[in-house]
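Peer 1: next come a sequence and a model predicted from it.
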Amino acid sequence: MKQSTPYPAPSFTLLDSEGATRSLKDYAGQWLILYFYPKDDTPGCTIEACSFRDMHESLLAQEAAVVGVSQDDTASHVAFRQKYDLSFTLLSDPERKTIEAYGAWGKKMFGHEGILRKTFIIDPNGQVVKAYGRVTPLGHAEKVLADLKQLQAR
């Protein structure tokens with residue numbers, strides 16, 4: 001599903017690693033970096049999560065929240081956050097409803113289906129203003145921060 005930006009961000013309500021319910025509306029009025037990743041504590045996902053961790057203060061300075069989404073359960077998210085000192089929210093989507101709503105489910109290498117590594121910048125009005133498909137984990141958070149600053153300058 002290829003859409004031109006901006007477009008309304010699909011709504012979601014999911015559990016975070018602490019068992020609290022988080023919804024898109026919780027982030028109304030602020031910038032949101034919403035990223036989808038295949039699995040906790042795997043090499044590429046760890047690189048991506050740690051890059052967002054390392055850029056988190058800079059993203060907060062731009063008044064942006066970071067939220068990661070995978071199918072992993074909340075216990076897995078707790079362990080992943082603790083192991084790598086992740087300071088942002090991870091949401092669990094075991095039924096893939098949000099993952100599919102954002103087009104982050106599909107064919108991967110070798111024809112297998114799974115979560116596609118995608119990131120979305122959502123503005124304070126709930127509009128997707130930038131979408132990244134086929135994300136390369138290394139250096140991704142730096143690119144997101146640079147793009148966020150450009151979007152905010154408009």
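Peer 2: Thanks, I have the structure now. Residues are numbered from 1 along each chain as shown.

Peer 1: tell me the pLDDT of the nearest residue to residue 105 once chain neighbours are set aside.
Peer 2: Leaving aside its sequence neighbours, residue 105 sits nearest to residue 99 (Cβ to Cβ, 6 or more residues apart in numbering; 5.0 Å). (C-beta placed from N, C-alpha, C; glycine too.) Looking at residue 99, its pLDDT is 97.

Peer 1: surely residue 151 touches residue 128?
Peer 2: No - using Cβ atoms under 8 Å, residue 151 is not in contact with residue 128; the gap is 11.1 Å.

Peer 1: now the common contact residues for those two.
Peer 2: Counting by Cβ atoms under 8 Å, 6 or more residues apart in numbering, the residues touching both residue 151 and residue 128 are residue 121.

Peer 1: those two: which is more packed in?
Peer 2: Neighbours per residue, other Cβ atoms under 10 Å: of residue 151 and residue 128, the larger number sits with residue 128, 19 against 16.

Peer 1: my read: the more buried one touches residue 121, true?
Peer 2: Yes - counting by Cβ under 8 Å, residue 128 does reach residue 121; the two are 7.3 Å apart.

Peer 1: which residues does residue 134 contact?
Peer 2: 116-118.

Peer 1: quick one: contacts for the closest residue to residue 7 other than its chain neighbours?
Peer 2: Of all residues not flanking residue 7 in the chain, residue 128 sits nearest, at 5.4 Å (Cβ to Cβ, 6+ apart). By Cβ under 8 Å, 6+ apart, the contact list for residue 128 reads 3, 5-9, 120-122.

Peer 1: quick one: buried residues of the strand or helix carrying residue 128?
Peer 2: Residue 128 is located in strand 127-132, with elements delineated by DSSP states H and E. Within strand 127-132, the residues that qualify as buried are 128-132, counting by 16 or more other Cβ atoms under 10 Å.

Peer 1: distance to residue 63 added to those, as JSON lines?
Peer 2: Listed next are the buried residues of strand 127-132 as JSON lines, based on distance: Cβ to Cβ, whole Å:
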{"residue": "128", "distance to residue 63": "17"}
{"residue": "129", "distance to residue 63": "14"}
{"residue": "130", "distance to residue 63": "16"}
{"residue": "131", "distance to residue 63": "20"}
{"residue": "132", "distance to residue 63": "20"}
